[in-house]
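[1] Any chance you could fold what I've pasted below:
(chains A and B)
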Number of protein chains: 2
Amino acid sequence: MKFYGFWRSIASFRVRTALAYKGIKPDEVIDIDLLQGKQRDEAYRKVNPQMLIPALFEDDKSPMLFQSMAIMEYLEETRPQPPLLPKDAFGRARVRGLSQIVVSDAHPMSVPRVRGYLTKDLGLSEERMLTWVRHWQSEALSALETHLSRDKTTGKYCHGDAVTIADICLAGQVVGSGFFKTDMKPYPTVMRIFDACMVLDAFAKSHPLKQPGAPEKV
Amino acid sequence: MKFYGFWRSIASFRVRTALAYKGIKPDEVIDIDLLQGKQRDEAYRKVNPQMLIPALFEDDKSPMLFQSMAIMEYLEETRPQPPLLPKDAFGRARVRGLSQIVVSDAHPMSVPRVRGYLTKDLGLSEERMLTWVRHWQSEALSALETHLSRDKTTGKYCHGDAVTIADICLAGQVVGSGFFKTDMKPYPTVMRIFDACMVLDAFAKSHPLKQPGAPEKV
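    Numbering: from 1, shown residues only, chains lettered A, B, ... in the order given. You can find the predicted model right below:
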């Protein structure tokens, strides 16, 4: 198995955590330095024409797996133990819904290409760009907090007492929000679950700042 | 079954098409007029605190199903026939990956709340806001076109000759791009598949402009 990722990429963090949680160790981990724009190099374009990470390959002959949610679902289908989705359909729908709040509503608003458009194409100051990022992060965190604090199905983790894809997405959201210094005080349930996740080995060792090439802090 | 949606909402179009494709007819269809901001009314806030549509309920006692991708996966799990995902894990991953290009990379950039932030909070002109929307739509359409035109697994539809969730997402993307008059000429494979979808009853009758309250064109 070959994994293309980068320490700073929150979507890579998601897949790295899912792999670690399921005890899968890729044979090869290849860094695509987003800060240097390496995702736009010809070499990586041949791997993923959308120039996005993460990308995962089972072997040299297998098709590219792309988009973090699709990759995590694939890992769940091909390596069901330990599970990252509950067994019942309502539970699975809730876990996927919570995940999509992060993956579709919040994260796309703060990825490098969008921050670049805001500052370069629209000429926003760094401060106004950061206000944008924090606004959308707060909206998603607030949605998560409401869901998690009002639903009886919330447990030690987002859904009951077992880790799911929703916890992986939540952890990525909290770490990403930390990169942009978004105020986390209004989200105590989110932070309680984040803390519960980060004591687990699969999450702790997958943390962006624990990866080769990462700085001590951002 | 109770379905909250709106004619103009592309995420509602996705779920409406999935329901129609599987031959499911909700007992109650409730319009939440996004153009009038009805999603922010107290009544709907009680249904979905995130104030987003679509939302689906099996019955009065069942939990809210939210986020279009999560709802479509739920329908697939609870009503597997006719299928909206292929049987093999690589195929399912490709269909989900193509879907997420639309759902995560493109669609969030053009939803009402984001267009509102651009024009009201950032003070962009209507024209610059539309340039933003078309830019992100073109990026996603270009990614879809590359995937679909280079992969041998593309058939009459996105993945082989059977309709999948990816086709539903593609159709929503094309209709949404039409709302903003994005140039579709560079995406012949996307348009070929869109045309193949729109002759199917489930897609045709679910089209946003065919819903009660919709104008003849936008």
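
[2] Say whether chain B is contacted by the helix or strand of chain A with the lowest mean pLDDT.
    Lowest by mean pLDDT, DSSP states H and E among the helices and strands of chain A is helix A:42-47, with a mean of 90. No: no part of helix A:42-47 sits near chain B under the criterion Cβ under 8 Å from any Cβ of the partner chain; the closest distance found is 9.8 Å. For every residue, glycine as well, the C-beta is placed using N, CA and C.

[3] do the same with stretch A:107-116
    Yes: using Cβ under 8 Å from any Cβ, stretch A:107-116 reaches chain B at A:107, A:108, A:109, A:113, A:114.

[4] outside of stretch A:66-76, which residues touch it?
    With contact meaning Cβ atoms under 8 Å, 6 or more residues apart in numbering or on different chains, stretch A:66-76 is reached by A:11-12, A:14-15, A:18-19, A:22, A:24, A:48, A:50, A:52, A:54-56, A:65, A:83-85, A:99-100, A:103, A:165, A:168, B:69, B:89-90, B:92-94, B:96-97, B:99-101, B:104.

[5] Next up, the contacts around the closest residue to residue A:17 other than its chain neighbours.
    Leaving aside its chain neighbours, residue A:17 sits nearest to residue A:206 (4.2 Å; criterion: Cβ to Cβ, 6 or more residues apart in numbering or on different chains). By Cβ under 8 Å, 6+ apart, residue A:206 lies in contact with A:13, A:16, A:17, A:20.

[6] What distance do you get for residue A:206 to residue A:174?
    Taking Cβ to Cβ, to the nearest Å as the measure, residue A:206 falls 13 Å from residue A:174.

[7] One more: residue A:161?
    Distance of residue A:161 to residue A:174, given as Cβ to Cβ: 19 Å.

[8] quick one, which of these two is more surrounded?
    residue A:174 (24 against 8; other Cβ atoms under 10 Å in any protein chain shown).

[9] As CSV, the contacts of residue A:206 with distance to residue B:73 would be great.
    CSV is the format used below for these (distance: Cβ to Cβ, whole Å):
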residue, distance to residue B:73
A:13, 23
A:16, 23
A:17, 21
A:20, 24
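
[10] Show me how to select, in ChimeraX, the buried members of the residues you listed.
    Entered in ChimeraX, the line below selects the buried ones among the contacts of residue A:206, by 16 or more other Cβ atoms under 10 Å in any protein chain shown:
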select /A:13,16,17,20
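
[11] hang on, the earlier thing: in strands, which of the residues of stretch A:107-116 next to chain B appear?
    Among those, none falls in strands (DSSP state E).

[12] what's the most distant pair in those?
    Pairwise distances across these peak at 12.1 Å for A:107 and A:113 (criterion: Cβ to Cβ).

[13] Lowest pLDDT pick from the residues of stretch A:107-116 next to chain B?
    Across the residues of stretch A:107-116 next to chain B, the smallest pLDDT goes to residue A:113, namely 92.

[14] Between the two ends of stretch A:194-211, how far is it?
    Stretch A:194-211 has an end-to-end distance of 19 Å (criterion: Cα to Cα, to the nearest Å).

[15] If you could redo that for stretch A:120-130, that was the one I meant.
    Terminal residues of stretch A:120-130 lie 14 Å apart, using Cα to Cα.

[16] Ok, stretch A:120-131 next?
    Terminal residues of stretch A:120-131 lie 16 Å apart, using Cα to Cα.

[17] Establish whether that stretch and chain B are in contact.
    Yes: against chain B, stretch A:120-131 shows contacts by Cβ under 8 Å from any Cβ at A:121, A:122, A:124, A:128.
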